[in-house]
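Visitor: A structural model of the following input is requested.
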Amino acid sequence: MKYNLDKLKKVDLRDVWPHEALDFTKWLSEEPNLAMLSSAVGIELELIETESSVGSFNVDIYAQEAGTGRKVIIENQLEDTNHDHLGKVITYAAGKGAEVVIWVVARARDEHRQAIEWLNQHTDSDFGFFLVEIELWSIGNSLPAPRFNVVEQPNEWTKAIKFSEGLSETERVKLSYWTKYREVAQATPEFLKVFNPQKPSKDHWTTLRCGTSAYHIALLIDTQHGRIGIEFYAPDDKEIGYKAIDNTGLFEERLGLAATPFDAKKASGLRFYKDGCKIKNNETAWPGFISEQLEWALAMKKLIAELGL
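Guide: Below you'll find the predicted structure:
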């Protein structure tokens, strides 16, 4: 039997992007391409500006994390890493007050991998350094396709342990739960096609962005009453919040949960809880709780689209 297969062929980056600033940075700053990088590093990135001034220098891309507002700098280097660019990323991070640094390169030298690893080991949980290789591949005569490979990134578990040292017992439980949530979410392809899980926090919620600032979905835990939940949250758009409330019955039908509408001074929306889900001292049950929350989120996102919110 003959199979119609072809070989992958690596394409020179400069064949597609001859000029780093004029071609590659411009390409990467476009929304669908920045989304590919977002997926690779696990952070939902929103562009602020390109060639952003830092004293007498310019950082290639200045961005922020959706939902948290954490500032991000992206430095591009379509060649092997070098000491000059390593110095630049640290200088730019300091100048912009950035908490996340993403260094996109053609090839990462071992000494610079070690330097980024060292920075991640010796900074607290607020900071993260990513070293990412960009490649281009084609099959036969096809157009080249980009691929981002993360070669160094923050060790979230180690940083979570360091971060947890100053927290209360309940805050540690929440941090541990959301750390497990991110682990389960990143192993669930259908969820990752729709959402980018945020970094673990000590809060009772974690946000899921929906491609707009008008509303978002949040996953919830209640350690005191032993329950898990989800909410549709419109921070200041009453029209959208009221439309969700008007369709309470549909949300309840899709999720299989009873809704509690809320209408505060600015925010409005719907909140859902499932009882009988003990969080404290019940870690073995967390993956099951989280899988259920992921299903709720996907069902809610689908209904939101159907309602045209």
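
Visitor: residues in contact with stretch 129-137?
Guide: Outside stretch 129-137, the residues that touch it by Cβ atoms under 8 Å, 6 or more residues apart in numbering are 8-13, 15-16, 37, 40-41, 78, 81, 89, 100-108, 112-113, 116, 119-120, 123, 144-154. The C-beta positions use only the backbone N, C-alpha and C, and glycine is treated the same way.

Visitor: Please indicate which of those residues are buried?
Guide: For those, a burial check counting by 16 or more other Cβ atoms under 10 Å picks out 13, 37, 40-41, 78, 81, 89, 100-106, 108, 112, 116, 119-120, 144, 146, 148, 151-154.

Visitor: Can you flag which of the residues you listed belong to helices?
Guide: Among the buried ones among the contacts of stretch 129-137, the members falling in helices (DSSP state H) are 13, 37, 40-41, 89, 112, 116, 119-120.

Visitor: and of the residues you listed, the nearest to residue 169?
Guide: Distance to residue 169 across those (Cβ to Cβ) is lowest for residue 120, with 26.9 Å.

Visitor: out of everything not next to it in sequence, what's closest to that closest one?
Guide: Setting aside the residues directly before and after it, residue 120 is nearest to residue 154 in space (Cβ to Cβ, 6 or more residues apart in numbering), at 4.7 Å.

Visitor: Then residue 119?
Guide: In space, and not counting its chain neighbours, residue 119 is closest to residue 129: 4.7 Å by Cβ to Cβ, 6+ apart.

Visitor: So the one you found versus residue 215, what's the distance?
Guide: Using Cβ to Cβ, to the nearest Å, we find residue 129 at a distance of 32 Å from residue 215.

Visitor: can you pull out the helices in the stretch 101-250 of the chain?
Guide: For the stretch 101-250 of the chain, the helices defined by DSSP state H, counting those that start in this stretch occupy 110-121, 156-164, 169-186, 189-192, 238-246, 248-255.

Visitor: Could I get the ones you listed in TSV, plus columns for distance to residue 262?
Guide: Formatted as TSV, the helices of the stretch 101-250 of the chain follow (distance: least, Cβ to Cβ, whole Å):
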stretch	distance to residue 262
helix 110-121	39
helix 156-164	30
helix 169-186	21
helix 189-192	26
helix 238-246	9
helix 248-255	11
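
Visitor: Residue 32: which of these is closest?
Guide: Among these, helix 189-192 sits nearest to residue 32 (Cβ to Cβ), with 16.1 Å.

Visitor: tell me what the closest one is packed against?
Guide: Using 3 or more Cβ pairs under 8 Å, 6 or more residues apart in numbering; DSSP states H and E, the elements in contact with helix 189-192 are helix 169-186, helix 286-307.

Visitor: ok, 7 Å please
Guide: Using 3 or more Cβ pairs under 7 Å, 6 or more residues apart in numbering; DSSP states H and E, the elements in contact with helix 189-192 are helix 286-307.

Visitor: Can you tell me what sits against the helix it packs on?
Guide: If you take Cβ atoms under 7 Å, 6 or more residues apart in numbering as the criterion, helix 286-307 is touched by 177, 180-181, 184-185, 188, 190-191, 194-195, 208, 210, 217, 219, 228, 230, 232, 243, 247, 250-251, 254-255, 277.

Visitor: Of these, grab the buried ones for PyMOL.
Guide: Here is the PyMOL command that picks out the buried ones among the contacts of helix 286-307, judged by 16+ other Cβ under 10 Å:
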select buried, resi 177+180+181+184+185+188+191+195+208+210+217+219+228+230+232+243+247+251+255+277
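
Visitor: which sections of the protein are below the confidence cut-off?
Guide: Low-confidence segments of the chain, defined by pLDDT under 70, are located at 1, 67, 125, 156-165.

Visitor: For residue 304, see how far away the residue nearest to residue 35 when sequence neighbours are not counted is.
Guide: Closest residue in space to residue 35, ignoring its immediate chain neighbours: residue 45 at 7.8 Å, by Cβ to Cβ, 6+ apart. According to Cβ to Cβ, residue 45 and residue 304 sit 22 Å apart.
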